[in-house]
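A.B. asks: give me a 3D structure for the following:
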Amino acid sequence: MKIVKVTYTSKADYAEQNKVNIKAVMDELYKLNHAGINYNTCVCADGKTFIHTAFFKSEEDEKILLTLPVFKHFQEQLKASGPEVPPKQELLSLVGSSKDLFI
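C.D. replies: So this is what the prediction gives:
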């Protein structure tokens, strides 16, 4: 299993568009319904700091996300917007979960 957390702060005037782009990614993942990907995004109380957490059953599952055209579009748009704080990626290790992540 691989767990990736990405945190960044968008410009305030880009936050709503970022949410639209994230929703497009989530809609595509929902349609894909790939069992090896569990991907979540939250926004902090400031309305512009985003935290993405992706759980991948395998490296191959991560590649599926990274090659989706809608995900590439999201990344390109975010980069072009000039975030206040650029994306920072962290690798995490699971200690416990309240339910099975991969059914």
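A.B. asks: where does the prediction get shaky in the protein?
C.D. replies: 103 (pLDDT under 70).
A.B. asks: residues touching the spatially most central residue of it, list them.
C.D. replies: The centroid of the chain falls nearest to residue 52 when counting by C-alpha atoms, centre = their mean (4.0 Å). Counting by C-beta atoms under 8 Å, 6 or more residues apart in numbering, residue 52 makes contact with 4-7, 39-41. Every residue, glycine included, has its C-beta placed from N, CA and C.
A.B. asks: rerun that using 10 Å as the cut-off
C.D. replies: Applying C-beta atoms under 10 Å, 6 or more residues apart in numbering to residue 52 gives the contacts 4-8, 22, 25, 39-42, 74, 87, 89.
A.B. asks: would you map the strands across the protein?
C.D. replies: 2-9, 37-43, 49-56, 85-92 (DSSP state E).
A.B. asks: parallel or antiparallel, list what pairs with the second one.
C.D. replies: It stands for strand 37-43. strand 49-56 (antiparallel) (DSSP bridges).
A.B. asks: now do the contacts for the closest residue to residue 93 other than its chain neighbours.
C.D. replies: Of all residues not flanking residue 93 in the chain, residue 3 sits nearest, at 6.9 Å (C-beta to C-beta, 6 or more residues apart in numbering). Residue 3 sits next to 38, 53-56, 90-94, 101 when contact means C-beta under 10 Å, 6+ apart.
A.B. asks: in the residues you listed, which residue is surrounded by the most others?
C.D. replies: residue 56 (23 neighbours; other C-beta atoms under 10 Å).
A.B. asks: surely it meets residue 94?
C.D. replies: No. Under the criterion of C-beta atoms under 10 Å, residue 56 makes no contact with residue 94, lying 11.5 Å away.
A.B. asks: between the two, which contacts overlap?
C.D. replies: 1, 3, 101.
A.B. asks: and the residues you listed as JSON lines, adding distance to residue 34?
C.D. replies: Below are these laid out as JSON lines (distance: C-beta to C-beta, whole Å):
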{"residue": "1", "distance to residue 34": "14"}
{"residue": "3", "distance to residue 34": "16"}
{"residue": "101", "distance to residue 34": "13"}
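A.B. asks: which one of the strands of the chain lies nearest to residue 65?
C.D. replies: Evaluated over the strands of the chain, closeness to residue 65 peaks at strand 37-43, with 5.9 Å, by C-beta to C-beta.
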